[in-house]
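K.L.:
Build me a model:
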Amino acid sequence: IITPVLRTIGNCVSGRDDQTQVVIDSGFLQHVRNLLVHSKRSIRKEICWLISNIAAGTKGQISSLISMPRELSMVISLVQTAEWEVRKEALWVVSNIATGGSDIQIQSIVELGAVEALCTMLTGADANIVMVSLEA
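P.N.:
Numbers count the residues shown, from 1 in each chain. You can find the predicted model right below:
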């Protein structure tokens, strides 16, 4: 039941900014930590996809993620160590913050190890993922 719920919430946060804000305001982000370490790969992939959609939102919405450095560190670690499908979704979190965040927000993820994580994605065979990493 977790995967369909995450997919539904993820679809909400991939819509308009006001829809994303409702999810953030609901307190959903307090559950992210446990989902990032879930034993099922598909759940870790879905939560990274969901977070990447929040990271593609407004600077205020990005701030809601930046205010969770432990969880962002976990996402950055997933870029480097997780299964390929999870790594790709986690990469989008970092990329969306790097391309849409303020200078201070970008500095925050750099301090958490984002540059090193992005570099690990440069050796992949997936040209699109390499480009996302370079653009970030």
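K.L.:
if I look at the nearest residue to residue 134 once chain neighbours are set aside, how far off is residue 61?
P.N.:
Nearest residue to residue 134 in three dimensions, chain neighbours excluded: residue 122, at 7.2 Å (CB to CB, 6 or more residues apart in numbering). Using the backbone N, CA and C atoms, a C-beta is placed for each residue, glycine as well. For residue 122, the distance to residue 61 (CB to CB, to the nearest Å) stands at 28 Å.
K.L.:
same check, this time on residue 99
P.N.:
14 Å.
K.L.:
Ok, residue 35 next?
P.N.:
Using CB to CB, we find residue 35 at a distance of 18 Å from residue 61.
K.L.:
And the pLDDT at the residue nearest to residue 134?
P.N.:
Confidence at residue 122, expressed as pLDDT, is 85.
K.L.:
Check the gap between it and residue 135 for me.
P.N.:
Using CB to CB, we find residue 122 at a distance of 12 Å from residue 135.
K.L.:
what about the spatially most central residue of the chain, which helix or strand?
P.N.:
The centroid of the chain falls nearest to residue 93 when counting by CA atoms, centre = their mean (2.8 Å). Residue 93 is part of helix 84-100 when elements are defined by DSSP states H and E.
K.L.:
Show me what counts as buried in that helix.
P.N.:
Under the neighbour-count criterion of 16 or more other CB atoms under 10 Å, helix 84-100 has 86-98, 100 buried.
K.L.:
can you count the residues close to residue 12?
P.N.:
16 (other CB atoms under 10 Å).
K.L.:
Spatially, what comes nearest to it if we skip its sequence neighbours?
P.N.:
residue 19 (5.0 Å).
K.L.:
I'm done for today, thanks for sticking with me.
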